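**Student:** show me the folded form of this:
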Amino acid sequence: MKKHKILATVIKENSGYSAFATIQKHFIATEGESFEELKSHFIKALNLALKCEGYTYQLSDIKIQFDLESFFDFYKVINAKALSERIGMNQSLMAQYIKGIKKPSAVQTRRILQGVQQVGKELSEVRFLL
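**Tutor:** Below you'll find the predicted structure:
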């Protein structure tokens, strides 16, 4: 049997973060005060739940999906106002999505994701003069 593909959902809570995933019939969930603590707890919970399979999972084995609030809370370096301008979205609407006041449609979510991914692609190609 080979290692499972793990997709963990991370959500910003009032007192930190929570994460959950379903792998076959196993539901794995945990929480942490910081994102770093959450990742550590999730790896421990995952390895405990799937111990009988003989694999040890690491952070690199997990794909993480965020809700918008969690993403912008963790990646504070991404300016939501600047991103909204870049993708042509009303700044107030973006703020409402991030605060959870409104839920974005699938189309709006993809639009935001594409904007974030484009910024990431551009940043990965940056070079500095030496």
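
**Student:** every contact and neighbour count from this point should use C-alpha atoms.
**Tutor:** OK.

**Student:** ok, the spatially closest residue to Arg86 that is not a sequence neighbour to Gln108 distance?
**Tutor:** Nearest residue to Arg86, sequence neighbours excluded (Cα to Cα, 6 or more residues apart in numbering): Gly115, at 7.5 Å. To Gln108, Gly115 is 11 Å away according to Cα to Cα, to the nearest Å.

**Student:** those two: which is more packed in?
**Tutor:** Ranked by neighbour count (other Cα atoms under 10 Å), Gly115 and Gln108 place Gly115 first, with 17 against 14.

**Student:** which SSE is that one in?
**Tutor:** Assessed by DSSP states H and E, Gly115 sits inside helix 106-124.

**Student:** run the chain-centre distance for that helix.
**Tutor:** How far helix 106-124 lies from its chain's middle: 13 Å, per Cα atoms, centre = their mean, to the nearest Å.

**Student:** same question, stretch 33-42
**Tutor:** Stretch 33-42 sits 12 Å away from the centroid of its parent chain (Cα atoms, centre = their mean).

**Student:** can you give the contact residues for it?
**Tutor:** Contact with stretch 33-42 is made by Ser15, Gly16, Tyr17, Ser18, Ala19, Ile28, Ala29, Thr30, Glu31, Gly32, Leu59, Phe74, as judged by Cα atoms under 8 Å, 6 or more residues apart in numbering.
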